[in-house]
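A.B. asks: quick check, what structure comes out for this input:
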Amino acid sequence: MKALVTGGGGFLGGAIVRQLLERGADVRSFSRGEHPWLKKLGVEQVRGDLCDLGALRRAAAGREIVFHAAAMPGIWGPYAEYHRVNVTGTGRVLEVCRESGVGKLVFTGSPSVTFDGSDQDGVDESAPYPARWLAHYPHTKALAEQLVLAANGAALATVSLRPHLVWGPRDNHLVPRLIARAKAGKLRLIRAPGKRVDSVYIENAAEAHLLAAEKLAPGATCAGRAYFITNGEPLPMGELINGILRAAGLPPVTKTLSPRTAYLAGCVMEGWYGLLSRRSEPLMTRFLARQLGTSHWFKLDRARVDLGYEPRVSIARGLEELARYLRESGRA
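C.D. replies: Now for the predicted structure:
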């Protein structure tokens, strides 16, 4: 397989690269920066912006499949920048795939594209996009996903995967943020009794992408469809957060906020940060308050049947692997 991974130097993109290499694939990475660890693995790197057609053409030349994992993450920032990277950038990737004769594209979406601020208990892929959005990230990821699925056809087969709350070794987003806030005494749990949340261990999320690549072809069952990807083990958010902190050798978080207090704090902080035009992310936003205070877990039936997906690494084992990684890397 001759594969291109956009965002190959990132957390999920990097895991996809490693698993592709383990299977003997010819892998090329596209990202804005140079990553020495990719060079050490013998991965060809093309640097550029997602909106740079010239750089994308160089990256896609001679490739059979694209794993489009690059995106602008987070829950704070200008809408124009989220749209440029997540929507316009995805459109450029699709354009170059068609120009270059790439036959397959596996897109990394997000379950947040169906989140309207209310509980999602065991929902499946029939869940619609919401009528309103609490953050620019899910909004622009939904727009990008629609572009990807609409592009599916005889020349280019596409599929969208929606991994939820990805975590594990080498995480450069969720895990270090939790550790930093816990050490600073700024971490709080939201009181949400009975609410459960799905997550997915990094290796399971990456493997789902490779399974989708194997199944994907023009006219295949998975072509033009979206799939939720999780560990299939929904937990109270506090249990997952404290499990990650325990892996880092830190005490559990015990201080809590009510969902209403968290939402009001998000409103105030968003207003204050907006007034000051601050680029850094507030400690709380309306979207984050709703995410932490509601259930959102998803059925895996479609992914199991169509992709053959089965999470092989349990949360318990994943936490053991995370603890080992944090110790060995000096982060715990």
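A.B. asks: hey, let's count contacts and neighbours off CA atoms from now on
C.D. replies: OK.
A.B. asks: which stretches of this structure aren't confidently modelled?
C.D. replies: 332 (pLDDT under 70).
A.B. asks: let's see 90
C.D. replies: For the chain, the stretches with pLDDT under 90 are 74-78, 134, 172-173, 186-193, 257-260, 262-293, 330-332.
A.B. asks: how about the strands in it?
C.D. replies: 2-6, 26-31, 44-47, 65-68, 104-108, 120-123, 157-163, 166-167, 189-190, 200-201, 226-229, 256-257, 296-298 (DSSP state E).
A.B. asks: measure stretch 271-290 end to end?
C.D. replies: Stretch 271-290 has an end-to-end distance of 17 Å (criterion: C-alpha to C-alpha, to the nearest Å).
A.B. asks: likewise for stretch 20-32?
C.D. replies: So stretch 20-32: terminal residues 21 Å apart, C-alpha to C-alpha.
A.B. asks: on that earlier part again, TSV for the strands of the chain, including distance to residue 181?
C.D. replies: Listed next are those as TSV, based on distance: least, C-alpha to C-alpha, whole Å:
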stretch	distance to residue 181
strand 2-6	30
strand 26-31	28
strand 44-47	32
strand 65-68	30
strand 104-108	27
strand 120-123	27
strand 157-163	24
strand 166-167	16
strand 189-190	12
strand 200-201	21
strand 226-229	27
strand 256-257	14
strand 296-298	23
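A.B. asks: wait, which of those is closest to residue 81?
C.D. replies: strand 26-31 (16.7 Å; C-alpha to C-alpha).
A.B. asks: circling back: to residue 286, which of the strands of the chain lies closest?
C.D. replies: strand 189-190 (12.8 Å).
A.B. asks: and that closest one, what does it pack against?
C.D. replies: strand 256-257, helix 286-293 (3 or more C-alpha pairs under 8 Å, 6 or more residues apart in numbering; DSSP states H and E).
A.B. asks: before we move on, the earlier item: quick one, which of the strands of the chain gets closest to residue 331.
C.D. replies: Among the strands of the chain, the nearest to residue 331 by C-alpha to C-alpha is strand 166-167 (15.3 Å).
A.B. asks: and the closest one, what does it pack onto?
C.D. replies: Strand 166-167 sits against strand 200-201, helix 202-215, with contacts defined as 3+ C-alpha pairs under 8 Å, 6+ apart.
A.B. asks: count of residues packed around residue 219?
C.D. replies: 12 (other C-alpha atoms under 10 Å).
A.B. asks: name the nearest residue to it, ignoring sequence neighbours.
C.D. replies: residue 154 (7.4 Å; C-alpha to C-alpha, 6 or more residues apart in numbering).
A.B. asks: residue 9 too?
C.D. replies: Nearest one to residue 9, counting by C-alpha to C-alpha, 6+ apart, is residue 35 at 6.2 Å.
A.B. asks: can you check residue 199 too?
C.D. replies: Nearest to residue 199 is residue 165, by C-alpha to C-alpha, 6+ apart, at 4.6 Å.
A.B. asks: same question, residue 112
C.D. replies: residue 138 (5.3 Å).
A.B. asks: OK, contacts around the one you found?
C.D. replies: Residue 138 makes contacts with 110, 112, 113, as judged by C-alpha atoms under 8 Å, 6 or more residues apart in numbering.
A.B. asks: ok, the last one touching residue 142?
C.D. replies: Yes: with the criterion set as C-alpha atoms under 8 Å, residue 113 and residue 142 qualify as a contacting pair; they are 5.1 Å apart.
A.B. asks: and the helices in the stretch 201-332 of the chain?
C.D. replies: 202-215, 237-247, 259-276, 286-293, 301-307, 315-328 (DSSP state H, counting those that start in this stretch).
A.B. asks: turn these into CSV, including mean neighbour count.
C.D. replies: Formatted as CSV, the helices of the stretch 201-332 of the chain follow (neighbours: other C-alpha atoms under 10 Å):
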stretch, mean neighbour count
helix 202-215, 22
helix 237-247, 20
helix 259-276, 16
helix 286-293, 22
helix 301-307, 17
helix 315-328, 17
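A.B. asks: columns distance to residue 8 on top of these, output as JSON lines?
C.D. replies: Below are those laid out as JSON lines (distance: least, C-alpha to C-alpha, whole Å):
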{"stretch": "helix 202-215", "distance to residue 8": "12"}
{"stretch": "helix 237-247", "distance to residue 8": "25"}
{"stretch": "helix 259-276", "distance to residue 8": "32"}
{"stretch": "helix 286-293", "distance to residue 8": "27"}
{"stretch": "helix 301-307", "distance to residue 8": "22"}
{"stretch": "helix 315-328", "distance to residue 8": "20"}
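A.B. asks: quick revisit: so what sits against both of residue 113 and residue 142?
C.D. replies: residue 129.
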